[in-house]
Every structure is written in structure tokens, then in C-alpha cells.
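structure for this input, please:
(one chain, ligands or ions: 2)
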Amino acid sequence: MGKITGFLEYERVDEPYITVEKRLENYKEFTIPLEEKKLKDQGARCMDCGIPFCHSGCPLGNLIPDFNDKVYKGRWKEAAQILHSTNNFPEFTGRLCPAPCEEACVLGINEDPVSIENIEKNIVEKAFEEGWITAHPPKTRTDKKVAVIGSGPAGLAAAQQLNRAGHLVTVFERDAKVGGLLRYGIPDFKLEKQIIDRRVAVLEEEGIQFTTNAHVGQNISVETIKADFDAVVLCGGATERRGIPIKGNHLKGVHQAMDFLKLNNQHVDGLIDFDAILSAKDKNVIVIGGGDTGSDCIGTSNRHGAKSVTNFEILNKPSVGRPAHQPWPYWPMRLKTTSSHQEGVERFFSVSTKEFLGDKNGNLIGLKTVEVEWIFKEGQRPELRELPNSEKQWECDMVLLALGFTGSEKTLAEQFGLEMDFRTNIKATTTDYATNVPGIFSAGDMRRGQSLIVWAISEGRQAAYHVDTYLMGTSNLPLKDDNDLPRI
Ligand SMILES: Cc1cc2nc3c(=O)[nH]c(=O)nc-3n(C[C@H](O)[C@H](O)[C@H](O)COP(=O)(O)OP(=O)(O)OC[C@H]3O[C@@H](n4cnc5c(N)ncnc54)[C@H](O)[C@@H]3O)c2cc1C
Ligand code: SF4
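Ligands and ions are numbered 1, 2, ... in the order given. Below you'll find the model as predicted:
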């Protein structure tokens, strides 16, 4: 716990942002760190509630009151050790997690919850700054070799855990750089890429090998992987993008959000020129889809200098406060207004796109929508109804489809002979993360479907325990709620 009366004395304070005008000038992160005294006060707000619901709110089971207490007392190194005992990469979650822990915080019942995510970010940043995060190669090696396919947060977490167990781990990544969606989906203004490089350097020093431009199933055969490794962890993500099967979806100007974001991130990384990206400059942009990906497209379009940015969401507009049917400590569906939304966008809810309109040269010039309503009936799937006479036409020269992902790509499953579930994810349960083929495991979005970074790290850690058990008959790696290995 923090200070016994801390929650009565201090209000929640979040990191402020630099002005919209300034932050639109580049792709850098734009939060202004709190001074140390203020951070300690935030730690002090943790209130010795008895049963810390935040533990179960966090998919990693982070020991939140314990590190809050250390922050309050200025014992940052111990805070960092506690944090790293459950989370391999708090620098990612401390920036990007939607923080279900904060929705489960007991103080949140009638006050603003403890600012857990920001405390987490500051602990890990201090730890890097002070040089406390160093490589810990295993003291002894087993003679086992593990291939991890995919270098997103699930693959990186699985790799670090398995390396700690002494196995020789090689991570195969088809892209030119490591990081998965952290690298090529999420824009730099949410996560600057040197944050990934800094951590990957530690993993390399610990002995993990990274092989990039290595597309397993294409330029590296599944047979080679099976012959060379004792176990395989598939962490390839849920990369099948959802399309929109309506008239005009082939027009020039209709793009998948992931193409737009990936090219932009490559440009920001200096790998390609601005001419080679999908530019929103001087365009009327419509982003279809109201989630994280849609929000990232809005922030990126505004940095390109779009003429206007509009966002459609097919679902109803959520309430600002916690809805009555999602009481504390559950995750509530509330209206989320991100920093990208604040930078300039007009948002419309309960809107369905019916048709894209083009000119005679096949260029997008607009689209048609209708308003919809959702009918909810007990025990049935919600039904979507179009409202009569609600058709509307919109002018636009660029549409970004941010409609989510339908599952993982089938190629790896087919080539390894793996079963998939009804949502086209790799079939493996959380009992042991094992697929139907002995020695082949799966974790992260590839197993659970599109999700969150915190879940990917959690799954990577859990899967590593089961892979280690498969290889050695037993494992000393920690499982969730079993945190005997504080280390950074
Ligand atoms: C635009 C966007 C923004 C997001 N923002 C957030 C956010 O703010 N907060 C949050 O918590 N979550 C966010 N998410 C979700 C989050 O990024 C994912 O849930 C998470 O990255 C999943 O991790 P993963 O390791 O399972 O897969 P991924 O990160 O998808 O990584 C999979 C990797 O596997 C590689 N791969 C696939 N097949 C092969 C193969 N055959 N051979 C070699 N390599 C292969 C891919 O190239 C990729 O690098 C966002 C997602 C998107 C798309
Ligand atoms: S990882 Fe996410 S849920 Fe867990 S403590 Fe950090 S912010 Fe909260």
C-alpha cells in the first residue's frame, strides 16, 4: 500500500500533453513527465483496500499495490524488480495498455482510480535511465532449441522466458525489424521505436537470436523448423484484415488501415520516402472503424496534413460514464476519447457504409451511408436495422478501413498440420497452449484473436511455462499468480 491517508490528500494527476499544434509537427511521443514528488503522491493514493481487485483486472497479475508502495517511498529499484517479476515489457504496457486494472481499482468506486499505468511507465523509464535493466543470460543451458515464430509482444515474452529457462531460442520474423504490431501498426507518437530497440538489445545480449526477413512457410520451410528445433511457439498474430464487401471497394483511394499505418511507420523509420507512402495530405479522409486502429489513422492523417478527418463507427455511441450493466470492477464500454481524437476529427456513431463512389477514372470521390440501430433481445445476438430515409452522401478522396482482423493467416496452420478454431485462430487452449501437433504451441493474437499487448505478453509468458514443461518434464518459470522470480 501507499500512504494510509494518501487517497484523501491527493487528487489523481495524469501526464499532460504538449499542445496539439506542436505535437502535429512530428511523430514523437508528446506526454510531459510528472516530477518525482508528484509521482510519489500518485503512488501514495493506493489505499490498502484489503483485496486488490487491480491484480485480477490486470491480465498479467501485476503486483500493483506493492510497486505503488515502493514508488511512494522512493524505492524505485525495488519497484522495478516487482514490476518485472510479472511483466517482461512494462515500457509497452505503461504507454499503451487500456489499463483494465484502473477500472478494477477500489478507489475507482467513488474517486478517480490510482494512475497505475503511468506509474508503471515511470518505474521502467527510471530503471532504464539508472542502468538497472541489464541482460541476465541463463547460468546454464539445456540442450534444447526453441523456435518462436513472430516477434510481437507475445513472441518476445515467450522468447525471454524460454531463454531464462536455459533453452536456445531463435525468433523468426518475416518483417525487416522486430516488434510485430508495436513496430508496424502502432504509430511512433504512441510508441517511439527506439523503445523496442532498447529492449531487443537486452534480449540479444541474453542470448536470444533474431532472424528477420524470415517468412516461415515461404523462405524458411516448416520442415526446416521442425528438423532444427525441439519445440515451436507460433506467435504470428491475427493478421487477416476484415474487408468491406460493398460496391466500389476496389476504387483508388480505398485502403486498408494497416497498409496506411505500416508504410507511414516505415517512412518515420527512414526506410522509405514520403512519396512512397499512402499520403493523406490535403485529402478529405474518412476512417471507417472506431477502435485503436481507427484512432491511429486519425492521428497519422492529421500529421500528414489532411484537409478533413471524419470517423464512422457502426456501433452505438457509448456513454461517457460507466454503464449500469457493467458495474465495478468489470471492464466498462465507455466512450473513449484518445489524444488522436483531440487532435481533430468529426466522429459519427451508428453509421453503416453502403457504397463507395468513384469518377470515370476509378478514383474515389465519396461514399454513401445509412444510419442504423441495434436491437437487443435477451439470449439473442444483437440485430442491426437500417433507419428508413437516413441515406447520406459524403465527399472524400481517401477511405481507411480500420475494421479489425478476422483471425490468423491459414498458411502456417496448414503447413504444420494444425487445427484452427471457428474464428480461424490456431486451436490451443489456455490449459497448456499446445496445438494438436506435439511440440507446437501458440500464444497471443494468433491463438486468442485480435486483442491487446498486455494479453500477448501474458500469453507468451504462460505458453513458455508449458513449453518448458514439455521439454524438461517440469518448469521453474513463473505462472500468473506465482511470482517468485523478481528480476530485471
Ligand atoms: C493499429 C493498431 C493499434 C493498436 N493499439 C493498441 C494499443 O494501443 N494498446 C494495446 O494494448 N493493443 C493495441 N493493439 C493490439 C496489439 O498491437 C496486439 O494485440 C498485439 O501486438 C498482439 O501481439 P502478438 O505478438 O500476438 O502479434 P503481433 O504483434 O501481430 O506480431 C505477430 C508477428 O508475427 C509475424 N509473423 C506472422 N507470420 C509469420 C511467419 N509465417 N513467419 C515469420 N513471422 C511471421 C508478423 O510479421 C508479426 O511481426 C493495436 C493493434 C493495431 C493493429
Ligand atoms: S499491464 Fe495494463 S492492466 Fe496490467 S497493471 Fe499495467 S496498465 Fe494495468
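
which helix or strand contains residue 332?
Taking DSSP states H and E as the definition, one finds residue 332 inside no helix or strand.

phi, psi of residue 181?
In terms of degrees, to the nearest 10, the main-chain angles of residue 181 are phi -70, psi -20.

which pLDDT does the model give it?
Note on residue 181: pLDDT of 98.

residues near it, how many?
Neighbours of residue 181 under the rule other C-beta atoms under 10 Å: 22. For the C-beta atoms, the positions are set from N, CA and C on the backbone; glycine is no exception.

could you find the closest non-adjacent residue to it?
Closest residue to residue 181 apart from its sequence neighbours, by C-beta to C-beta, 6 or more residues apart in numbering: residue 152 at 5.7 Å.

could you report the pLDDT at the one you found?
Reported pLDDT for residue 152: 98.

ok, it to residue 184 distance?
The gap separating residue 152 from residue 184 is 10 Å, by C-beta to C-beta, to the nearest Å.

quick one, which of these two is more surrounded?
Just comparing residue 152 and residue 184: by other C-beta under 10 Å the higher neighbour count belongs to residue 152, 28 against 20.

correct me if wrong: that one contacts residue 237.
Yes - contact criterion C-beta atoms under 8 Å: residue 152 and residue 237 qualify, at 5.5 Å.

joint contacts of these two?
Here residue 152 and residue 237 have 180-181, 444-445 as joint contacts, going by C-beta atoms under 8 Å, 6 or more residues apart in numbering.

out of those residues, which is most surrounded?
Comparing these on neighbour count, residue 444 comes out first with 35 neighbours (neighbours: other C-beta under 10 Å).

residue 354: helix or strand, and which one exactly?
Using DSSP H and E, residue 354 falls within strand 351-358.

per-residue confidence averaged over that strand?
Average pLDDT, strand 351-358: 98.

other SSEs contacting the helix or strand just after that strand?
Counting by DSSP H and E, the next helix or strand C-terminal to strand 351-358 is strand 364-375. Contacting strand 364-375 under the criterion 3 or more C-beta pairs under 8 Å, 6 or more residues apart in numbering; DSSP states H and E are the following elements: strand 351-358, strand 383-386, strand 392-395, strand 398-401.

may I have strand 364-375 exported as CSV, CA atoms only?
The C-alpha trace of strand 364-375 is given here as CSV (Å, rounded to 0.1, in the frame of the first residue of the first chain):
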residue,chain,number,x,y,z
LEU,A,364,-12.8,7.5,-55.0
ILE,A,365,-14.9,10.7,-54.8
GLY,A,366,-17.3,9.9,-52.0
LEU,A,367,-19.4,7.3,-50.2
LYS,A,368,-23.0,6.6,-49.1
THR,A,369,-24.1,5.8,-45.6
VAL,A,370,-27.2,4.9,-43.7
GLU,A,371,-27.9,5.3,-40.0
VAL,A,372,-28.5,2.1,-38.1
GLU,A,373,-30.0,1.0,-34.8
TRP,A,374,-29.1,-2.1,-32.8
ILE,A,375,-32.0,-4.2,-31.4
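
for it, which outside residues touch it?
The list of residues contacting strand 364-375 from outside it, by C-beta under 8 Å, 6+ apart, reads 248, 251-254, 286, 312, 314-316, 350-359, 382-387, 390-399.

in it, what's buried?
For strand 364-375, burial by neighbour count (16 or more other C-beta atoms under 10 Å) applies to 364-372.

tabulate these (TSV), appending distance to ligand 2 and pLDDT.
Below are the buried residues of strand 364-375 laid out as TSV (distance: C-beta to the nearest ligand atom, whole Å; pLDDT from 0 to 100):
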residue	distance to ligand 2	pLDDT
364	38	98
365	43	98
366	40	98
367	36	98
368	40	98
369	35	98
370	37	98
371	35	98
372	32	97
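
tabulate these (a markdown table), appending distance to residue 12.
Shown next, in a markdown table, are these (distance: C-beta to C-beta, whole Å):
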| residue | distance to residue 12 |
| --- | --- |
| 364 | 44 |
| 365 | 47 |
| 366 | 44 |
| 367 | 41 |
| 368 | 44 |
| 369 | 39 |
| 370 | 41 |
| 371 | 37 |
| 372 | 37 |
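
hmm, back to that, what's the most buried one of the helices and strands packed on strand 364-375?
strand 398-401 (a mean of 27; mean count of other C-beta atoms under 10 Å).

okay, strands next: where are they in the stretch 101-250 of the chain?
In the stretch 101-250 of the chain, the strands defined using DSSP state E, counting those that start in this stretch lie at 145-149, 168-172, 209-211, 231-234, 240-241.

so can I have CSV of those strands showing mean pLDDT?
Shown next, in CSV, are these (pLDDT from 0 to 100):
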stretch, mean pLDDT
strand 145-149, 98
strand 168-172, 98
strand 209-211, 98
strand 231-234, 98
strand 240-241, 94
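
thanks a lot, see you next time.
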